[in-house]
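> give me a model of this one.
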Amino acid sequence: MVDEASEQQPITDGQRIAIIEDDLAVADAIAATIGANGWVPMVYATAESFISTLDDADAPGCIILDLHLPGMSGVDVLHTLSDRNQSIPAIVLTAHPDGPLTMPAFEAGIVALYTKPISSEVLIGSIKRAIGYSS
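Reported below is the predicted structural model:
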């Protein structure tokens, strides 16, 4: 017999997930989903705020990234990480999947790109794949 309580428990290790999103409502919804699944959400409204706090020794397990941000774009974040030799899986969420930043994001090595809004199930599955959880 399967214990229903254990079935509902998140299967994660408390790993930190960075959310770089300038729309507070979207960032809060993503953070709530991530937190409910056992990860620790870290929300940044700008790319610069994320980059300024990034530490090699304590880097997040994954980044959820908007492409269109004030200041640095999501692609700029990816290039900055590459320039620093930091390999952090990135999942892009965008309202403009056919915009001019989409192809450069793929060229920069993103794990996945989704159009907003995204379902919780798709987001969680993508995070699990990005950080190497097996289903």
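
> next SSE after the top helix by length along the chain?
In terms of residue count, the longest helix belonging to the chain (DSSP state H) is helix 24-36. Scanning forward in sequence from helix 24-36, with DSSP states H and E defining helices and strands, the next element found is strand 40-44.

> now do the very next helix or strand once past that following strand, average pLDDT.
Next helix or strand after strand 40-44 toward the C-terminus (DSSP H and E): helix 47-53. When pLDDT is averaged along helix 47-53, the result is 94.

> now do the phi/psi pair for the residue lying closest to Met42 once chain neighbours are set aside.
Nearest in space to Met42, with sequence neighbours left out and distances taken as CB to CB, 6 or more residues apart in numbering, is Ala18 at 4.9 Å. In short, each C-beta sits where N, CA and C put it, glycine included. Summarising the backbone geometry of Ala18 under the convention degrees, to the nearest 10, its torsions are phi -90, psi 140.

> Ala18 and Glu107, how far apart?
Using CB to CB, to the nearest Å, one gets 21 Å for the distance from Ala18 to Glu107.

> chain center to stretch 54-66, what's the gap?
Between the centre of stretch 54-66 and the centre of its host chain there is 8 Å, according to CA atoms, centre = their mean, to the nearest Å.

> so who does the residue nearest to Met42 touch?
42, 44, 50, 60, 62-64, 88 (CB atoms under 8 Å, 6 or more residues apart in numbering).

> neighbours around Ile110, how many?
Taking other CB atoms under 10 Å as the neighbour definition, Ile110 ends up with a count of 21.
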